[in-house]
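Engineer: Quick one, structure for this:
(2 chains)
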There are 2 protein chains.
Amino acid sequence: MARRESAVAGPGSRALVVDLIRSAGPISRVELVEATGLTQPTISNIVRRLIDDGVVRETGATVATGGKPRTLLVINSRSAYGVGIRVGADTLTCVVTDTRGGTIGRELVSAPPAEKPEDVVAQLASLYRDVTQGLGLSPQSVAGLAVVGPGPVDVARGRFLALPGLERWADLELGQALTAQLGVPVLVDSDAAAAAVGEFWGRQVSRERTFGCLYMNSGIGSGVVLDGALHRGASSNAGEIGHVSVVRDGARCRCGSRGCLELYAAPAALVDRARAIPNLANRLKIRPDDPDARAFDVLARAAIYGDGQARALVDESALLLADGAMTLANLWDLDTLVLAGPGFAVAGSLYVSEIRRRLAERAFSRKIHVVQVDLSSNPRDSAAIGGAALVLQGSVAPGHGPQVAATHA
Amino acid sequence: MARRESAVAGPGSRALVVDLIRSAGPISRVELVEATGLTQPTISNIVRRLIDDGVVRETGATVATGGKPRTLLVINSRSAYGVGIRVGADTLTCVVTDTRGGTIGRELVSAPPAEKPEDVVAQLASLYRDVTQGLGLSPQSVAGLAVVGPGPVDVARGRFLALPGLERWADLELGQALTAQLGVPVLVDSDAAAAAVGEFWGRQVSRERTFGCLYMNSGIGSGVVLDGALHRGASSNAGEIGHVSVVRDGARCRCGSRGCLELYAAPAALVDRARAIPNLANRLKIRPDDPDARAFDVLARAAIYGDGQARALVDESALLLADGAMTLANLWDLDTLVLAGPGFAVAGSLYVSEIRRRLAERAFSRKIHVVQVDLSSNPRDSAAIGGAALVLQGSVAPGHGPQVAATHA
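Structural biologist: Predicted coordinates:
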């Protein structure tokens, strides 16, 4: 299968080897030579350094080959931990993973709109401390923290430019403020990008696949993983499918454009429409003061259980997201598209069906290959897990993730 | 500036070094070490092999450094030639370039709709022979031929699935048929993808830029170059911006979808609309039997010279293409977008203005960075030049371009 031509050189070889051991391990050095195209001495050097750094270990098992038996290598899953916090409209989700992507801790807290930037910093710092101390993790064993939320993000300065509840404080350098309090590297990134990395890490996906993730929370975004690494683009603000215009001269969007997909298909839009239908909110027991996310879950559950009016609203949103999925598939020529994010937690199966159908019928390259469409196995935590993965990528495989320490030191 | 994280290993190092010498040369080995992060022995080995293969040569000049003087390296531009043929609706454009991307020969022929697949093969073979023999190129000095045209393409089998005039013969393995006749490697690829590569090669663009090309001929497509290499996706059918749906439940498109951008914004759509306006075609001297491409050039020229009705049609198309450019910028987070293709040859400046304005006002990451929008310096030949570049990439830097010889041998 044709794919992106690899642009390849030395410094990322370590990242490549780590990724291969993670996805294909246990694996021998000889197999690494075959899989990477790197020379045997290069592989030996990289593996020796990874073992010295505690990132990789030998299993003790060997494979008989007729010649010299081959020692097998695996990721040393407990060599470091990554922490990811997803900032939602009214919740914070904190997840801790090991270097194999296994979740070892999770905490969900409600986050009322903060009055001052200091409150936000304090709340995030306190959540981080609670979770890491509760797990008994030594400060040295934590590779860092990623705070992920809706874009646009300024990764270089560790800022969210339009975080719900924090729009007024777009100048707050959250990464730096948290690093100062916590003493670990802290990076700030988009939730959709993090989810893409998390979903990629969590699956046995070949690096050669063009892997996309469609993410829905309060907004709609996406991320793409190419050759095993997140596509960042010019400023780490790639994948903004929620801000593709679907209605010409449509409503003004928070992003400054008009008629954006997320104005018509995201949870808040559906909840608004549901509230405008006489008696529907009442019948479904959606209360006037329910936050959008909760109201949407109720609506989505009703759709799944066969409520006609609720189902019609979700179907309309699914049609719009199928348009978005078509755009992603046709621009990236995707092998795989995973749906993740809290917006798919309840009625994800309805969205998956509609998107599968559309891509099978209309995707530009459907006569050459199928686009596989899957639902995340953990849509609500996907971005937080991905945040932890981003931290660990940067720590176990320097040059692969964002330069956390360099940015925030 | 943040960018795609590089996934990096051994086999593409040669491609990287060739690209750097091409874009930054004359350059010393020490500078190559700094720019690539590869070790000095690795750079020495790669450069020695490139010199042995005739791809790179030493300039003879040296740079005094206080220590040992540094010898400078440049691409040996006459070591090999690439040939690109762009297949248009009624023309074939053939271009020959050297390894530095300089055009050394060009021929444009009209291509009446062929009756049989053999005629197409014969016509392309004859054009190739005319041009290469006319330039006195020895068969050994030609790295290969790329035939580029509208997608979808099946790069692995060297087929166009829907080439204008050839739709009925989607089974024709054009690459293989031409290889058999010409005795050189022949690859088949999309015109928009080729144009992206050609525009990237022809400019002094840093590999770190996220570089996009919006291409308009009879259809509308795009290509993106990431880390110096074309993004191919699952099946080399990425970038299909012309088949993003802009009108819900709109007209049926040849691609199988509905309401596609190119149905409303491409030259044929504008020419149809112009012909439907009483007296406009007459006044502009567009004849009933003029092919769309010619009629569109007349219309575009009238728009440039201030004809109100013609200008209104082009402006409407420019607004739609600005939507498309927004989608490309927001999904790929572009640094640079170049407009190329015959559709931009006459009124390109009108399109550039509209797209610049839109991206400056509404692009998702406009508060973090500007998207630079340029017009190709040679919009008509861009795809053919890019085809030649694709061939040369594959030949001077194996592993970088499509595996021409392996595919068609």
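Engineer: The stretch 201-350 of chain A: strands as residue ranges?
Structural biologist: With DSSP state E, counting those that start in this stretch as the criterion, the stretch 201-350 of chain A has strands at A:211-216, A:220-226, A:229-230, A:336-340.
Engineer: Would you format the ones you listed as CSV with distance to A:Ser28 included?
Structural biologist: Every C-beta, even on glycine, is put in place using the N, C-alpha and C of the backbone. Shown next, in CSV, are the strands of the stretch 201-350 of chain A (distance: least, C-beta to C-beta, whole Å):
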stretch, distance to A:Ser28
strand A:211-216, 26
strand A:220-226, 26
strand A:229-230, 24
strand A:336-340, 28
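Engineer: where's A:Arg356 relative to A:Val373, distance?
Structural biologist: Remark: distance between A:Arg356 and A:Val373 (C-beta to C-beta, to the nearest Å) = 5 Å.
Engineer: in chain A, which ranges drop under the pLDDT threshold?
Structural biologist: Scanning chain A with the threshold set as pLDDT under 70 gives A:1-11, A:113, A:396-409.
Engineer: surely A:Glu173 meets A:Gly158?
Structural biologist: Yes - with contact defined as C-beta atoms under 8 Å, A:Glu173 counts as touching A:Gly158 (5.2 Å).
Engineer: Could you check which of these two is surrounded by more residues?
Structural biologist: A:Gly158 (24 against 17; other C-beta atoms under 10 Å in any protein chain shown).
Engineer: Quick check: phi and psi at that one.
Structural biologist: Note on A:Gly158: backbone dihedrals following degrees, to the nearest 10 are phi 60, psi 40.
Engineer: same question, the one 3 residues further on
Structural biologist: The phi and psi torsions at A:Leu161 (degrees, to the nearest 10) take the values phi -90, psi -20.
Engineer: Return the set of residues that bridge with A:Leu73.
Structural biologist: Assessed by DSSP bridges, A:Leu73 has beta-bridge partners A:Ile27, A:Glu58.
Engineer: for whichever residue of the stretch 151-300 of chain A sits closest to chain B, phi and psi?
Structural biologist: Nearest residue of the stretch 151-300 of chain A to chain B, counting by C-beta to the nearest C-beta: A:Gly233, 2.5 Å away. With angles defined as degrees, to the nearest 10, A:Gly233 sits at phi 70, psi -160.
Engineer: neighbours of it, just the number please.
Structural biologist: Residues near A:Gly233, counting by other C-beta under 10 Å: 30.
Engineer: ok, back up a step: dump the strands of the stretch 201-350 of chain A to CSV, plus mean neighbour count and distance to chain B.
Structural biologist: Compiled in CSV, these are given as follows (neighbours: other C-beta atoms under 10 Å in any protein chain shown; distance: least, C-beta to the nearest C-beta, whole Å):
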stretch, mean neighbour count, distance to chain B
strand A:211-216, 31, 10
strand A:220-226, 27, 7
strand A:229-230, 28, 4
strand A:336-340, 27, 9
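Engineer: Give me the phi and psi angles of the residue lying closest to the residue of the stretch 151-300 of chain A closest to chain B once chain neighbours are set aside.
Structural biologist: Residue nearest to A:Gly233 in three dimensions, not counting chain neighbours: B:Asp333, with 2.5 Å by C-beta to C-beta, 6 or more residues apart in numbering or on different chains. Backbone torsions of B:Asp333, given as degrees, to the nearest 10, read phi 50, psi 70.
Engineer: Could you give the number of residues near B:Asp333?
Structural biologist: A total of 30 residues lie near B:Asp333 under the criterion other C-beta under 10 Å.
Engineer: what do you get for A:Ala35?
Structural biologist: Count around A:Ala35 with other C-beta under 10 Å applied: 18.
Engineer: how close does it get to B:Asn378?
Structural biologist: 42 Å.
Engineer: Enumerate the beta-bridge partners assigned to A:Arg213.
Structural biologist: Quick fix: residue A:213 reads Cys, not Arg. Bridge pairing for A:Cys213 (DSSP bridges) gives the partners A:Gly223, A:Val338.
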